[in-house]
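Undergrad: what follows is a predicted structure for the sequence shown.
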Amino acid sequence: METISLRIYRTLTDEIISGVLPPGSALEEIALSERFKVSRTPIRQALRELAARGMIELKPRKGGIVTSIGVDELADMLEAMCELEALCCRICAERMSAVQKKQLELVHLQSQECVAAGDDAGYLALNKKFHNLICAGAHNKSLADTIENLRDRLAMFRAAQAGVDKRLTVSHEEHDAIIAAILASDPEKAYLAMRNHTTRLSIHVLEMIKEHQA
C-alpha cells in the first residue's frame, strides 16, 4: 500500500523530471503541506527521499531547493550512466531468460511501428520499456536501482534530444545491434552496442546544454 509520503515523493519527482519544477525551485514545507493537505511529517519524509536521490538540497526547517547541475557534473553523470547501462547490457546478455528475450523482441517490433508512424510519444514509452527490460534481464537489483536513480536525475537533460532529425530511426537502428547481441548471448558485443548508443545520446545532450548556456 502506498504511503502518503511516497505519493508526495512520486508527485514531486515527476514534476522535477518533467521540468514543472526547474532547478532552483523552492520546495517549502508549509506550502507543500497546504498543497497536499497533510501535516509536515510526510512532507519532510518525501523531501528527505528526494535529497537522498540527489534531486534537491535540503534547507533545515524550511524545505528544499531543486538541484542545479553544472555542465561538468552533468558530464560526469552521463559518463557514469553510459558505463552502467553498458555493463548492465553485458550482464543481461549472459543472464536474460528466454521469456525475457521474447518480451524484448516484441517491444522492439512495436517500436518499429512507432518509427514508421513518426510517433515520438509512443516510441519514447517503448524505449523506456526496452531499457527497463534489459535492466531486469541482468538480474542485479543494486545495478538496476543505481541506473534508475541516475535516469531520474538525467531525465530532464536527456529530453533535450527531442526534435532531432531522424532521431527515432537512428535510435531504433542502435537498438537492432543491442538486441542482436543479447539474443546471441554475446556479452562483449552487447556492451559495445549499448555503449555506442548511450554515448551518442550523451554527446548530443552536452552539446545542446552548452549551446543553450551560450
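TA: All right, it came through fine. Numbering: from 1, shown residues only.
Undergrad: and the spatially most central residue of the chain, how far is that from Ile43?
TA: With distances taken as Cα atoms, centre = their mean, Arg151 lies nearest the centre of the chain, 2.5 Å away. Counting by Cβ to Cβ, to the nearest Å, the gap from Arg151 to Ile43 is 25 Å. No exception for glycine: its C-beta is placed from N, CA and C like everyone else's.
Undergrad: which of the residues in stretch 196-214 are buried?
TA: 197-199, 201-202, 205-206, 208-209 (16 or more other Cβ atoms under 10 Å).
Undergrad: what mean pLDDT does that stretch get?
TA: Throughout stretch 196-214, pLDDT has a mean value of 81.
Undergrad: just to revisit the earlier point, skip the chain neighbours and tell me the closest residue to the residue nearest to the centre of the chain.
TA: The shortest distance from Arg151 to any non-neighbouring residue, by Cβ to Cβ, 6 or more residues apart in numbering, is to Met81 (7.4 Å).
Undergrad: which element is that neighbour on?
TA: Assigned by DSSP states H and E, Met81 belongs to helix 71-95.
Undergrad: who's in contact with that helix?
TA: 69, 131, 134-135, 137-140, 143-144, 146-147, 150-151, 153-154, 157, 178, 181-182, 184-195, 198-199, 202, 205-206, 209-210, 213 (Cβ atoms under 8 Å, 6 or more residues apart in numbering).
Undergrad: which strands and helices sit next to the helix or strand containing Leu106?
TA: If you go by DSSP H and E, Leu106 is part of helix 98-117. With contacts taken as 3 or more Cβ pairs under 8 Å, 6 or more residues apart in numbering; DSSP states H and E, helix 98-117 sits against helix 120-138, helix 167-183.
Undergrad: okay if I get those helices as TSV plus mean pLDDT, distance to Glu34 and mean neighbour count?
TA: Converted to TSV, those look like this (pLDDT from 0 to 100; distance: least, Cβ to Cβ, whole Å; neighbours: other Cβ atoms under 10 Å):
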stretch	mean pLDDT	distance to Glu34	mean neighbour count
helix 120-138	93	33	18
helix 167-183	95	41	18
